[in-house]
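sharing a sequence plus its predicted fold:
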Amino acid sequence: MKLLLLDRIKSVSYEPSGFTQRKDTSLENRYFTNFFSEDHRFWFFASIIFGVVAFLKGVRLPNLWSATQAQINYSTGFIKRGLFGELCSIIGLNINVYKTFAILSYVIFGMLAIILLYFSFKSTRIKCIGKGSIIAVFFSSYAVSYISHMVGYLDIALMVLCLLVIWLVLNTRKSYIQYAAVLLGGMIGVLLHEIYLIAFFPLTILPLVLKSASDRAFFRNVLPLMMITLIILGIVLSISFNKPLKEQDIAQIKQEISERTDFPPRSEFFDVLVRSTKDNMKIMAEKYRTKTWWKENVSAALCFFPTAGILLYLSVKTVMRYCRKENYVPVLLAIVLASLSPALMQILGWDIYRWYALLVFNSFIVLAILSTYYGPLPDEYSVAGSALHNVVILIIGLNMATGGGMFDNQNIKPFPFLESISFTNDIFTNQFSLPHPTQ
C-alpha cells in the first residue's frame, strides 16, 4: 500500500505558482530535425546530393574521340556505329559544329539522369529497400562520376535506350509488345554500337526471364527470348566479322569529316574502323600477359566492387526470397549475367574502368527490376541500427573518397568544384566561350 502511494506521488507533476511554461525550442522539435529523422525523405535528398557531387567529380566537355565517332554515318555506305550520325543527319542536327554536338551530348545525358531518377523513386520499388538508402549508395558511387565523364560517348545513348525498353516491358502486359520492344531495342542498340549485345541486351531481357520463371513451363516460355537473342547476335556477327575498311577508304572518310567539321578529328579513332574483332582479341591477349593490366584491374575493382557487391547481394537475396524454388538456378544465372555482363567486354576492349562503371549501372538496374517484379513489402530491409545501414554508410564514405583512372589521363575534380562554379558563372555573365577539346 505504501509503495502504491509513493508511485502515485511520483507520477504527479508540480509547478510553482506563477510559473509560465516556455515554448519548447529544442532541436528535436525544429523542422529540419524532423526532416532528417524521417528516413525516406532523408535518403531521397541524400541521393540527389550525392548524385550531384559524384557528377561534378567527373563532368567535362565531350572529348574529340566522341565528337569524331559521332560524325560516322552511312553517306559512304553501311559502316558500324554509323546509325547515330545518320539519325542526326536525317533530323537536321548539325553536329559537325562542336558546340552543337556538346549541347546534344548533355541533352542525352540529361535524359539519362531523369530516367534514372524516375526509375529510382517512381517507376520501380527499389526505394522500398532500406527505405531508399540503397539508391544513395548508387548515386554516390564512382560509377556515376565515370559515367558523367563519358558524356558524348554512345554508351550514354545506349543506357537511355536500354532503360526505355525496360520501362516499356515492365509497364505493359501484352507479351507481343514486350518481345517487340526487346527485339527493336536490340536492333537499334547494336547498330548504334555493337557493345549493346554484351553490355545491355541481357539487362533488357531480364524482366521477361522473371515473367517466364513465374510459370512451371520455364524453358518453353524462354524460347521466344532465345530466338530474339539469335537474331541480335546474327546482326552483331555480320557487323563485327564484316570485311574491315581499307586504308584508302579510311583516308577518304577522314578527309570528308575534316572538311565539314569545325574541330580536328581524332586520328586514332579511325583505327577502330580498320580493326576486326579478331584483331581486338589479339590485342587483348597481349595485354593479359602484362602485369600493368592486372594491376589496373585490381585498382578498378577496388573503385567499383563495393557498390556492385552490395547491389548484387541484395538482388540474390530478393530472388531467394520470392522466386519459385524450381527456377532458382536459371533466374540467379540471369541476374548475375545481366549485372556482370559489361565485364565481359574485357575480351574485346581495354577500357577497364569504363566496363566496371557500366557493371555498377547494370547491377543497380537489376535490383530495381527485381524489386518491382517481386514487389517486396515497404521497408522490408530495415535501415536504422541494422547491418545494411552500417554497410550503406561505409560504402557511401568509400564512394565519396574514391578516384581512379579517367579517359585521356584526366583526374577527378575535388570538392568544392571551383572550376564548375567558374564555368557556370561565365555562362550567366555572357563571358563564356566554348573551347574545343585538345584530346
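Done, it's in. Fair warning: this is a prediction, and the values are worked out from it, not measured in the lab. Numbers count the residues shown, from 1 in each chain.

and the spatially most central residue of the chain, how far is that from K282?
For the chain, the residue whose C-alpha lies nearest the mean C-alpha position (C-alpha atoms, centre = their mean) is F361; its distance is 3.2 Å. Noted for F361: a distance of 29 Å to K282, by C-beta to C-beta, to the nearest Å. For glycine as for every other residue, the C-beta is placed from the backbone atoms N, C-alpha and C.

how close does the residue nearest to the centre of the chain sit to I235?
F361 sits at a distance of 23 Å from I235 (criterion: C-beta to C-beta).

so the residue nearest to the centre of the chain sits right up against V160, yeah?
No - counting by C-beta atoms under 8 Å, F361 stays clear of V160, with 11.7 Å between them.

buried stuff in the lengthiest helix in the chain?
Looking across the chain with DSSP state H, the single longest helix is helix 291-322. Applying a neighbour-count criterion of 16 or more other C-beta atoms under 10 Å, one finds 296-297, 300, 303-304, 306-308, 310-312, 314-316, 318-319, 322 buried in helix 291-322.

can I get the CA coordinates of the following helix or strand past that helix in PDB?
On the C-terminal side of helix 291-322, the nearest following helix or strand under DSSP states H and E is helix 328-340. Backbone C-alpha positions of helix 328-340 (Å, rounded to 0.1, in the frame of the first residue of the first chain) are rendered in PDB as follows:
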ATOM      1  CA  TYR A 328      16.200 -20.600 -58.600                       C
ATOM      2  CA  VAL A 329      19.200 -21.600 -60.700                       C
ATOM      3  CA  PRO A 330      18.200 -20.100 -64.100                       C
ATOM      4  CA  VAL A 331      17.000 -16.900 -62.500                       C
ATOM      5  CA  LEU A 332      20.100 -16.500 -60.500                       C
ATOM      6  CA  LEU A 333      22.200 -17.100 -63.600                       C
ATOM      7  CA  ALA A 334      20.100 -14.400 -65.400                       C
ATOM      8  CA  ILE A 335      20.600 -11.700 -62.800                       C
ATOM      9  CA  VAL A 336      24.400 -12.500 -62.400                       C
ATOM     10  CA  LEU A 337      24.800 -12.300 -66.200                       C
ATOM     11  CA  ALA A 338      22.700  -9.100 -66.500                       C
ATOM     12  CA  SER A 339      24.700  -7.500 -63.700                       C
ATOM     13  CA  LEU A 340      28.200  -8.600 -64.600                       C
END
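
got a list of contacts for helix 328-340?
Counting contacts by C-beta atoms under 8 Å, 6 or more residues apart in numbering, the residues outside helix 328-340 that touch it are 202-203, 205-206, 209-210, 213, 218, 308, 311-312, 315-316, 319-320, 323, 359, 362-363, 366, 370.

hang on, the earlier thing: and the longest helix of the chain, what does it pack onto?
Helix 291-322 sits against helix 133-139, helix 142-149, helix 328-340, helix 352-374, helix 387-401, with contacts defined as 3 or more C-beta pairs under 8 Å, 6 or more residues apart in numbering; DSSP states H and E.

tell me the angle the longest one makes with helix 142-149.
Counting by axes from the mean of the first three to the mean of the last three C-alpha atoms, to 10 degrees, helix 352-374 lies at 110 degrees to helix 142-149.

pLDDT (mean, whole number) over helix 352-374?
Helix 352-374 shows an average pLDDT of 91 in the prediction.

buried stuff in that helix?
By neighbour count with 16+ other C-beta under 10 Å, helix 352-374 contains the buried residues 352-373.

for I115, what are its contacts?
The contact partners of I115, by C-beta under 8 Å, 6+ apart, come to 160, 163-164, 167.

give me the element it is part of.
I115 belongs to helix 98-118 when elements are defined using DSSP H and E.

buried ones in that helix?
98, 101-102, 104-106, 108-109, 111-113, 115-117.

now do stretch 208-219
208-213, 218.

quick one: distance of that stretch to the chain centre.
26 Å (C-alpha atoms, centre = their mean, to the nearest Å).

doesn't I412 fall inside a helix?
No - under the criterion used here (DSSP: H, G, I helix; E, B strand; the rest coil), I412 is coil, not part of a helix.

what about it, how many neighbours?
When neighbours are defined as other C-beta atoms under 10 Å, I412 has 18 of them.

contacts only, for it.
In this structure, I412 makes contact with 57-58, 145, 403-404, 406, judged by C-beta under 8 Å, 6+ apart.

mind running it again at 7 Å?
Taking C-beta atoms under 7 Å, 6 or more residues apart in numbering as the definition of contact, the neighbours of I412 are 57-58, 145, 403, 406.

and the gap between V160 and M150?
Remark: distance between V160 and M150 (C-beta to C-beta) = 13 Å.

ok, the two, which is more surrounded?
Legend: neighbour count by other C-beta under 10 Å for V160 and M150, higher for M150 (25 against 19).

and the helices in the stretch 151-300 of the chain?
Along the stretch 151-300 of the chain, the segments classed as helices by DSSP state H, counting those that start in this stretch run 154-170, 175-192, 196-199, 201-213, 218-221, 223-240, 247-260, 271-274, 277-287, 291-322.

closest one to W65 among those helices?
Comparison of these against W65 by C-beta to C-beta identifies helix 271-274 as nearest, at 9.5 Å.

render the CA-only coordinates of the closest one in CSV, please.
Backbone C-alpha positions of helix 271-274 (Å, rounded to 0.1, in the frame of the first residue of the first chain) are rendered in CSV as follows:
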residue,chain,number,x,y,z
ASP,A,271,41.9,2.6,-86.2
VAL,A,272,38.6,1.2,-84.8
LEU,A,273,37.2,1.1,-88.3
VAL,A,274,40.2,-0.9,-89.6
